[in-house]
Every structure is written in structure tokens, then in C-alpha cells.
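Student: Please work out how this folds:
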Amino acid sequence: VGTTPEPYWVSYELDADDGFVTRRLGVTVETASGSHSLDLRHDGAGLWTADGDRVPEVDGALDCDLGLCPLTNTMPVLRHGLHRAPGERDFLMAWVSVPDLTVETSSQTYAHLARTDHSARVRFTSGDFRSDLEFDADGFVVDYPTLAVRLAAR
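Tutor: Residues are numbered from 1 along each chain as shown. Below you'll find the model as predicted:
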């Protein structure tokens, strides 16, 4: 749910292969004035389409990054085990802006900072933006400062 530039609701489906490489991201944004959607697909060989049209500027990316969505930050972390062991990796991402659903390139870096028995901290950097994300032992985001926090089970 977002409020800028007008109130909206986002729903999405993410499909990835066994190696945590994005296969498909389906996104729908609903506002008071209507809805629009995006069907972003990766062919497994590095080529991308958005609603059936090629998006050559993101060719070579293995991952998508849906704006304001911590789940899509897990894919490169899981694939490279950055929640378990030291390392730093640079990625080209097919970044999807919310709520307009435009697709553009995004250069991103993920760096392992620390690990405990139950969690890990990984620094996410893209351009001038930087955030230290907390992951659980399975590699899923628990805390993305200023964006999202996983609610504890009752």
C-alpha cells in the first residue's frame, strides 16, 4: 500500500527457478481511478520482456527488483549465500518503479556485514541509496529500515 502520488494498492507474484533467478514478475497496481499491470519475464538466458515487448536495456540481469518490496532483495542474497558467509557482489537488476511500473536498469551491491545463529546483516547499495537489511537464517528479509519489518507470529 502506498500514498504517493495518490493512494494505491500493489499486488504481485514472483516466480523464480531453483537457483533463485527470476522467471516472472506479475504486478498490478490499483488506484481509485483504475488499475494497470506489468508482466515482466526473464527467459533464463538473460533476455527480458515487459508485457511481451523486449526490454534490451536490462538484458543480462538475473533478477528483478520491485520498488518498495523487500522480497525481491532476497533473490541475489539467497543465490550467493550472502546471509551465511562473507562476500560482496555487484548486480544488474531489472528494477520496477512503483506505482508507475516502468522497468529500468539498476546497478546494486549486496555486502555481507555480520551473522549470528539466527540472523544476518547485509548492506544493500544502489546509487546514493544504502540500507543495512536484516535477514533470517533462511535468507528472507526481517527488517528493511524505513520500509518494512516482518511481524512476529502471535
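Student: Got phi/psi on R79?
Tutor: phi -60, psi -40 (degrees, to the nearest 10).
Student: is it true that M75 lies in a helix?
Tutor: Yes. Using DSSP: H, G, I helix; E, B strand; the rest coil, the assignment for M75 is a helix.
Student: Just the buried residues of the lengthiest strand in the chain, please?
Tutor: Scanning the chain for the strand with the most residues, using DSSP state E, yields strand 103-115. If you call a residue buried by 16 or more other Cβ atoms under 10 Å, then strand 103-115 has these buried ones: V103, S106, Q108, Y110, A111, H112, R115. Quick note: C-beta positions are derived from backbone N, CA and C, even for glycine.
Student: between these, which is closest to L133?
Tutor: Checking these against L133 by Cβ to Cβ gives Y110 as the nearest, at 8.6 Å.
Student: For that closest one, name its beta-bridge partners.
Tutor: Beta-bridge partners of Y110, counted by DSSP bridges, are R89, F124.
Student: tell me the pLDDT at it?
Tutor: Per-residue pLDDT puts Y110 at 97.
Student: How about S33?
Tutor: Predicted confidence (pLDDT) for S33: 89.
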